[in-house]
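Enquirer: sequence-free structure coming up:
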């Protein structure tokens, strides 16, 4: 068992690095459950394989897969991708996986948050979630890293850090009574400070319209550099997303980060609304206890749901005129990185996108990074 | 996928190190199947955990376990043992796992032999063995090592090397028609030379009496240092083991190793015959297709089935007067190592012992070891 620590990362001199800091690799889970992924998960598996193939060009990728799908995944994934057996309930390692923290002496540790499938028995997305809840511990153990295991429900997609003391979260998610009902806003802030090594918590109200995570900021607003954030946006005042994004814009404009900086805000226009087709819905097994996929339901499509890898941005594309604009925007924000757009619709149909299905493992460095726009 | 090599270790400058050379760790599988291990495998699990606990004091141990037993193994194993998920058909990683080879430049690669459960459809010990056959590949992949995958059935327990060009095998096993019936003795020797980096193959006739592996040398005769071998022995001329060991002694006395050395031979007296009790047999699920465990059957007990770890020898004890003599013998042969005796009966009941359930991963070193009796 990785050494179980009863202290906190902050107390031990550890912090969660920004995603643009150097990685030693990326973790993913293989999609499989036919009550969430249409067509026996085959279209989703191809989409996940495309994401893995894009990232593995730039950093080592490990895909964790159930015993039943091991040989399938091995055959479908790029030969350079490492495949390891791991049981899970679904495939969102951003949320059920570990958060890695580092110090300035070249050490890395893992945080093994509690996970309740985005809402537990009250309004979680499926039951059970026991195997998902073990993913963090198992990944940390594979890396032989020491482990923090706070009594705190948190999904990695609900936080976004700049690596310099600031974190963005939403009230919709972190204050939701279905996550940590016994904790006050102040206690939750304390946990974020203690475990992520953050001094400043930037609270937005809501996340993307109809996002089934109930407000994950990784689909909505994220740091792209110290002092700079990106925000999903629409110019259509009739779209329910408009008011949500406008409210977030106000909060971000009023905010200062841990270094006292005002934030530079980049708007990233969303694609046109994407609805589940009858054919797509018909491809999903409908079982009691899993969130249904109903024809005509709008999906929470957002270009903000990209992965920042070593020298690369892997972003979802939606076969939408906005794809190109989003790609140009990200290219301007990350000038030293190659931008790879992968088809995002099949991942979106399952409830998330590229960022949700990835989890970076930072490189443990013996010197802290300077505050630069983008680290190569 | 680990890079699949179509060359051979010998051609690439790699060799299998002796077990006494430094390790980076040890691999094990968790016993589970109730048709081989009595009492739902609980007694065996305790015995395996004792082996892991002994080794983990001296080198990192990874125990691979099925999804169903993951939490059980995690709870029963020493906290310092790494537990990772891996499906298998049983728990003999010496035989179904990889053989690691190294070169003098600090590189390590894995050999992923073919495995057919000690005899395939003809007289293998169970069916199927598909998951066992994947263990080698999976372990090599976890280590991100390059992989050789010869079209050759071989169990790790059927070979023993001195790391300097010599290997001991038995005709009973390697020439058995149930392993590689299409290959001649010469072709098998060529494979051993090409994959283990050996120049000299020392052929013994048979292995331990009634050994269900049909002649594995790791239960019978092994190198303990360059130019020195150990041989299981009995002074009882009425025991069927007597003739087998006497014949091997003659072969060993006549042999020279790859360096032209005559061998110094150490006899290790076996324990008194160990028979399966009615109670033990009654604890095993009897199913078609698995070797039955019948009361009164004699088990292939041998002290030769020990593991050589960094600074340690982990040997089986049988609650027999010979235990102490074996321990003294090993202490004299490995003076720089601590000798730890663990209860071996429960492992023996499943068909093997300490060496069979372990697989060392050598430390990749950038300088070759000198030829010394025991490396610390």
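Expert: That came in fine, so what should we check first? Values in this document were obtained by computation on a predicted structure and should not be read as measured data. Numbering: from 1, shown residues only, chains lettered A, B, ... in the order given.
Enquirer: skipping adjacent residues, who's closest to residue A:271 in space?
Expert: residue A:320 (3.7 Å; C-beta to C-beta, 6 or more residues apart in numbering or on different chains). No exception for glycine: its C-beta is placed from N, CA and C like everyone else's.
Enquirer: just residue A:201 next, same as before
Expert: With C-beta to C-beta, 6+ apart as the measure, residue A:189 is the residue that lies nearest to residue A:201, at 5.0 Å, once sequence neighbours are left out.
Enquirer: do the same with residue A:196
Expert: Setting aside the residues directly before and after it, residue A:196 is nearest to residue A:16 in space (C-beta to C-beta, 6+ apart), at 4.5 Å.
Enquirer: need the contact list for the one you found.
Expert: Listed by C-beta atoms under 8 Å, 6 or more residues apart in numbering or on different chains, the contact partners of residue A:16 are A:9, A:99-101, A:159, A:161, A:163, A:195-198.
Enquirer: tell me the residues of the stretch 51-200 of chain A that contact chain B?
Expert: With C-beta under 8 Å from any C-beta of the partner chain as the criterion, the stretch 51-200 of chain A comes near chain B at residues A:60, A:66-67, A:70-71, A:74, A:79-87, A:131, A:134, A:138, A:141-142, A:144.
Enquirer: just the buried residues of those.
Expert: Neighbour-count burial (16 or more other C-beta atoms under 10 Å in any protein chain shown) applied to these gives A:60, A:66-67, A:70, A:74, A:81-87, A:131, A:134, A:138, A:141-142.
Enquirer: re the thing from before, my guess is the residue nearest to residue A:201 meets residue A:202, correct?
Expert: No - judged on C-beta atoms under 8 Å, residue A:189 makes no contact with residue A:202 at a distance of 10.8 Å.
Enquirer: could you list the low-pLDDT ranges of the stretch 251-376 of chain A?
Expert: Low-confidence regions of the stretch 251-376 of chain A, defined here as pLDDT under 70, cover residues A:367-376.
Enquirer: for it, which segments count as helices?
Expert: Taking DSSP state H, counting those that start in this stretch to define them, one finds helices in the stretch 251-376 of chain A at A:278-282, A:322-333, A:345-350.
Enquirer: so which of the ones you listed is the most packed in?
Expert: helix A:345-350 (a mean of 24; mean count of other C-beta atoms under 10 Å in any protein chain shown).
Enquirer: in the stretch 101-250 of chain A, where is pLDDT below threshold?
Expert: Residues of the stretch 101-250 of chain A that meet the cut-off, pLDDT under 70, do not exist.
Enquirer: please name the nearest non-neighbouring residue to residue A:71.
Expert: For residue A:71, the closest residue by C-beta to C-beta, 6+ apart turns out to be residue B:134, at 7.9 Å.
Enquirer: so which other helices or strands are in contact with the helix or strand harbouring the one you found?
Expert: In this structure, residue B:134 is located in helix B:130-142 according to DSSP states H and E. Judged by 3 or more C-beta pairs under 8 Å, 6 or more residues apart in numbering or on different chains; DSSP states H and E, helix B:130-142 is in contact with strand A:82-85, strand B:61-65, helix B:93-96, strand B:108-111, strand B:146-148.
Enquirer: hmm, who's touching that helix?
Expert: A:67, A:70-71, A:82-85, A:142, B:1-2, B:27, B:29, B:64, B:84, B:86-90, B:92-93, B:96-98, B:109-117, B:147, B:149, B:359.
Enquirer: hmm, try it at 7 Å
Expert: Contacts made with helix B:130-142 from outside it, assessed by C-beta atoms under 7 Å, 6 or more residues apart in numbering or on different chains, are listed as A:82-85, B:1-2, B:27, B:84, B:86-90, B:93, B:96-98, B:110, B:112-115, B:117, B:147.
Enquirer: can you check stretch A:314-322 too?
Expert: Counting by C-beta under 7 Å, 6+ apart, residues outside stretch A:314-322 touching it are A:51, A:54-55, A:269-272, A:274, A:301, A:303, A:305-307, A:323, A:326-327, A:330, A:339-345, A:347, A:353-354.
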